[in-house]
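Participant: What would the 3D arrangement of this be:
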Amino acid sequence: QVQLVESGGGLVQPGGSLRLSCAASGITLDYYALGWFRQAQGKEREVVSCISSFDSTYTADSVIGRFSASRDNAKNTMYLQMNNLKPEDTAVYYCAAVLWGTSCSGGMDYWGKGTLVTVSS
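Facilitator: Next comes the predicted model:
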């Protein structure tokens, strides 16, 4: 059974930092494109960052210079480092994976259940 489990969300003040983790089981992340998505209340889900199966990267304009995704294949885990957080970053953050993906713009094979990030003073 494949599982992606996010952790690391929570409440943080504006300007603060969080690091999200996504631990995978049942699959080997080496062969997967890995994406971080978010969905704010009342808005559509959007891709935040993506690392393709070939290690090319994409970062949404809204978070460039503040967010950085990475993967640790040895730990079968992906991360999203979020710095200088803003209230508009408040959302449920999801990780997802697609086998031999060149991007995260198409369908993803597996999704986590999400972790809530709230940026508020």
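Participant: how about low-confidence regions in this structure?
Facilitator: Screening the chain residue by residue with the criterion pLDDT under 70, one finds no matching range.
Participant: Closest to the centroid, which residue in it?
Facilitator: residue 36 (2.3 Å; Cα atoms, centre = their mean).
Participant: Isn't that one up against residue 91?
Facilitator: No. Using Cβ atoms under 8 Å, residue 36 is not in contact with residue 91, being 10.6 Å away. Yep, even glycine has a C-beta here, placed from its N, CA and C like the rest.
Participant: how close does the residue nearest to the centre of the chain sit to residue 8?
Facilitator: Separation of residue 36 from residue 8 (Cβ to Cβ, to the nearest Å): 11 Å.
Participant: Now for these two: what residues contact both?
Facilitator: residue 20 (Cβ atoms under 8 Å, 6 or more residues apart in numbering).
Participant: hang on, the earlier thing: three-state assignment of the residue nearest to the centre of the chain?
Facilitator: The three-state label for residue 36, taken from DSSP: H, G, I helix; E, B strand; the rest coil, comes out as strand.
Participant: Which residues are in contact with it?
Facilitator: By Cβ under 8 Å, 6+ apart, the contact list for residue 36 reads 20, 22, 47-50, 67, 69, 78, 80, 93-96.
Participant: Of those residues, which pair is most distant in space?
Facilitator: 67 and 96 (15.7 Å; Cβ to Cβ).
Participant: neighbour count winner among the two?
Facilitator: Here residue 67 and residue 96 are compared on neighbour count by other Cβ atoms under 10 Å; more neighbours surround residue 96, at 24 against 21.
Participant: Shouldn't the more buried one be within a strand?
Facilitator: Yes. Applying three-state DSSP, one finds residue 96 inside a strand.
Participant: so how far is residue 29 from it?
Facilitator: 11 Å.
Participant: hang on, the earlier thing: which one of the contacts of residue 36 is nearest residue 104?
Facilitator: Minimum distance to residue 104 across the contacts of residue 36 is 3.6 Å, recorded for residue 50 (Cβ to Cβ).
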